[in-house]
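Next one to model:
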Amino acid sequence: MTDRSVSWTNAESVARLLARATAPRRSGKGSIALAATRVDVARASRLPPAAVPAAAPAATPPAPAATVVVEVPRLEQRSDNPSDRLDALLAWTLDHQRCSGAFVADDNGLTLAAHGISEAHVSLVGPLLSALVAVRSIPGIDATSGALWLGTNMMSWVEARTERGGFCLGAVGPEALSTLALEQLKDALETTVRGL
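Below you'll find the predicted structure:
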């Protein structure tokens with residue numbers, strides 16, 4: 001085994017490399033510049049190792065921008081007509097949530113009302129809600145709200161149960177709705193289907 005450690009370096013070798021890297025380009029007086037560099041290398045090899053400068057304190061990351069929570073008013077239903085109530089629910093959803101379309105369906109998958117979503121999305125609602133009925137039967141799984149990708153859009157949904165069955169309110173947009181938004185949707189859906 002040798003006396004040298006893994007991190008051992010030859011000061012003369014390092015000084016020569018540094019001198020070559022920092023040497024001025026040769027001009028007509030190249031031999032003078034080279035001679036001056038050799039003198040500097042010789043001096044550098046006799047000097048004690050330079051002190052390592054202290055690391056600058058790490059910059060503190062900027063504080064995250066405060067998220068503005070917009071107060072969403074509760075949905076108030078003013079009509080006893082089921083069609084008017086569903087229309088009011090869809091209008092409230094489109095006005096107060098980040099979505100481009102919304103629908104209401106029953107637990108049989110029948111779309112009761114829809115606005116701003118394509119016929120293709122409407123046709124997917126029935127089979128999707130039927131599949132969620134089976135998912136809800138798995139112990140420990142709550143499929144009464146959630147989100148999933150439908151092509152290039154995200155569909156978020158909530159469900160409400162009544163004595164007449166279950167109803168689903170879905171919103172289609174570029175991203176999944178937040179937990180707070182889903183709670184607001186569920187409250188609005190329960191207000192709408194109560195007494196239907």
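
List the beta-bridge partners for M155.
When bridges are called by DSSP bridges, M155 pairs up with L148, V172.

again with the one 5 residues further on
Assessed by DSSP bridges, A160 has beta-bridge partners F167.

That one and D187 touch, don't they?
No: if you go by Cβ atoms under 8 Å, A160 and D187 don't touch, sitting 9.1 Å apart. All C-beta atoms are positioned from the backbone trio N, CA, C, and that covers glycine.

okay, these two: which has more neighbours?
Between A160 and D187, A160 has the larger neighbour count (other Cβ atoms under 10 Å), namely 20 against 15.

Return the distance of the more buried one relative to T191.
Distance of A160 to T191, computed by Cβ to Cβ, to the nearest Å: 9 Å.

Also E12?
Using Cβ to Cβ, E12 is found at 84 Å from T191.

Those two: which has the busier surroundings?
T191 (18 against 13).

residues in contact with A176?
With Cβ atoms under 8 Å, 6 or more residues apart in numbering as the criterion, the residues that contact A176 are A147, M154, S156.

and if you look at L75?
A88, L89, W92, D187, A188, T191, T192.

I'd guessed V158 sits against D187; true?
No: applying Cβ under 8 Å, one finds V158 not in contact with D187, separated by 9.1 Å.

what's downstream of the lowest-mean-pLDDT helix or strand in the chain, the next helix or strand?
One helix or strand of the chain scores below all others by mean pLDDT, DSSP states H and E: helix 30-46, with a mean of 49. Sequence order places helix 82-96 as the next helix or strand after helix 30-46, per DSSP states H and E.

The very next helix or strand once past that next one pairs with which strands, parallel or anti?
Downstream of helix 82-96, the first helix or strand assigned by DSSP H and E is strand 101-106. With DSSP bridges as the test, strand 101-106 is paired with strand 111-115 (antiparallel), strand 165-173 (antiparallel).
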